[in-house]
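**Student:** coords please:
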Amino acid sequence: MRIALPGTWALLGTLLAGAAVAEEHEHAVIRTLVLPEQPEAAPQRIYVKGQVVTVLRFEQDLAPLRARLVGGEGRFEPVGVVGRKVVLEPRRDLAPEEGFSLLVTLSDAREVPFLLRPPGRREHGSADQQLNVYKDRDGYEAMASALVDSEKENKTLRAENERFRKEESSEDHALAALLTAESEAQTPFKGVEHFSGADDDAELEGTVYRGKGKAAVVFKVKNLHAVRSWSMKSVRLVGVADARERSIAVRSSAAVFEPGTSGVIGLVVDGSAFLDGETLTTLRLELYRQDGLLQAIVQLDPALLGK
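**Tutor:** Numbering: from 1, shown residues only. Prediction:
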């Protein structure tokens, strides 16, 4: 839907009903798996995503002889065995409740089961892109691979801790938290326009705010799906002219909105984000949901920056 507003600025509020518009950046996910010692152990999970290739990379002396899906016929491209690698690619995303078995027969005659599942609430909602599979967790290659995993995890945790530290003292994040708590009277913002829309999964109501040297947007989200949770995967703020990504303060009333529940997402944009050199420019705010689909777009004009 397009909503034309009076004055010199305009808002574009769009809910993409079923349109598969993917987020531009997919996070690469490489993990280490060690085969269980007990044959009756539960199958290890592999997270897969529609039209994203997942590769299982085995040790040389475990090179797979064959691999087959159980119950996934027609849902995946033909499973490939290339050297010591097994290649998977779902034709479309798996539903939250779906899971398929992958049985891999190794060169030592063992048949190893894996469970294929959608990423769900996993970090970034990303598929596994490479899994390094080992039989001995104490072997050199397995330990080296696990060390790389640990270093990446520690780097991510350090970055998150630093982000949290900065957000604790950030005025914009404090304002976003007040908007999320529906305490706009305690902020310098004034609502200037509303928009709304719905698709099969969610109903959104949005408000655009003008502030002193800042702008803000608040989304009220109701999860309409019977069984699937809704969550915000990411938010991007880019210049319409230069596509350069800007920083934005984001707060959400909950990490996940369960079926039938509602929540609020507050976003605050500092006036400096509107600068392109010494010129003010229009910005585009993009809200992505948990499966990477673009849920809403809001166009923000510099006229939102009050005096």
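**Student:** ok, whatever helix or strand Phe195 lives in: who's next to it in the sheet?
**Tutor:** Under the criterion of DSSP states H and E, Phe195 resides in strand 190-198. Strand pairing for strand 190-198, determined by DSSP bridges: strand 202-212 (antiparallel).
**Student:** What residue, apart from its backbone neighbours, is nearest the residue nearest the centre of the chain spatially?
**Tutor:** By Cα atoms, centre = their mean, the chain has its centre lying nearest to Lys233, at 3.4 Å. The shortest distance from Lys233 to any non-neighbouring residue, by Cβ to Cβ, 6 or more residues apart in numbering, is to Tyr288 (4.6 Å). No exception for glycine: its C-beta is placed from N, CA and C like everyone else's.
**Student:** for that neighbour, phi and psi?
**Tutor:** With angles defined as degrees, to the nearest 10, Tyr288 sits at phi -110, psi 140.
**Student:** Let me see the contact set for it.
**Tutor:** Contacts for Tyr288 (Cβ atoms under 8 Å, 6 or more residues apart in numbering) come out as 23, 232-236, 294-295.
**Student:** do Leu237 as well
**Tutor:** Listed by Cβ under 8 Å, 6+ apart, the contact set of Leu237 reads 245-248, 269, 273, 283-286.
**Student:** element containing it?
**Tutor:** strand 232-239.
**Student:** Direction included, what does that strand pair up with?
**Tutor:** Within its sheet, strand 232-239 is paired with strand 245-246 (antiparallel), strand 283-289 (antiparallel), according to DSSP bridges.
**Student:** any residues touching the first one, and which ones?
**Tutor:** Outside of strand 245-246, the residues that reach it under the criterion Cβ under 8 Å, 6+ apart are 236-239, 269, 273, 283.
**Student:** export the strands paired with strand 232-239 to a markdown table and tack on distance to Leu69 and mean pLDDT?
**Tutor:** Formatted as a markdown table, the strands paired with strand 232-239 follow (distance: least, Cβ to Cβ, whole Å; pLDDT from 0 to 100):
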| stretch | distance to Leu69 | mean pLDDT |
| --- | --- | --- |
| strand 245-246 | 39 | 92 |
| strand 283-289 | 28 | 94 |
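**Student:** Relative to Gln38, which of those strands is closest?
**Tutor:** Proximity to Gln38 (Cβ to Cβ) singles out strand 283-289 among the strands paired with strand 232-239, at 39.0 Å.
**Student:** Could you pull out the buried residues of that closest one?
**Tutor:** If you call a residue buried by 16 or more other Cβ atoms under 10 Å, then strand 283-289 has these buried ones: 283, 285-289.
**Student:** From the contact counts, what lies against the following helix or strand past that strand?
**Tutor:** Going down the chain from strand 283-289, the next helix or strand is strand 294-300, by DSSP H and E. Applying 3 or more Cβ pairs under 8 Å, 6 or more residues apart in numbering; DSSP states H and E, one finds that strand 294-300 makes contact with strand 14-15, strand 202-212, strand 214-223, strand 283-289.
**Student:** would JSON lines of these with distance to Gln51 be doable?
**Tutor:** Formatted as JSON lines, these follow (distance: least, Cβ to Cβ, whole Å):
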{"stretch": "strand 14-15", "distance to Gln51": "23"}
{"stretch": "strand 202-212", "distance to Gln51": "23"}
{"stretch": "strand 214-223", "distance to Gln51": "25"}
{"stretch": "strand 283-289", "distance to Gln51": "17"}
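**Student:** Nearest to Gln130, out of the ones you listed?
**Tutor:** strand 283-289 (23.7 Å).
**Student:** Could you check the angle that closest one makes with strand 294-300?
**Tutor:** Taking axes from the mean of the first three to the mean of the last three Cα atoms, to 10 degrees, one finds strand 283-289 and strand 294-300 inclined to each other by 160 degrees.
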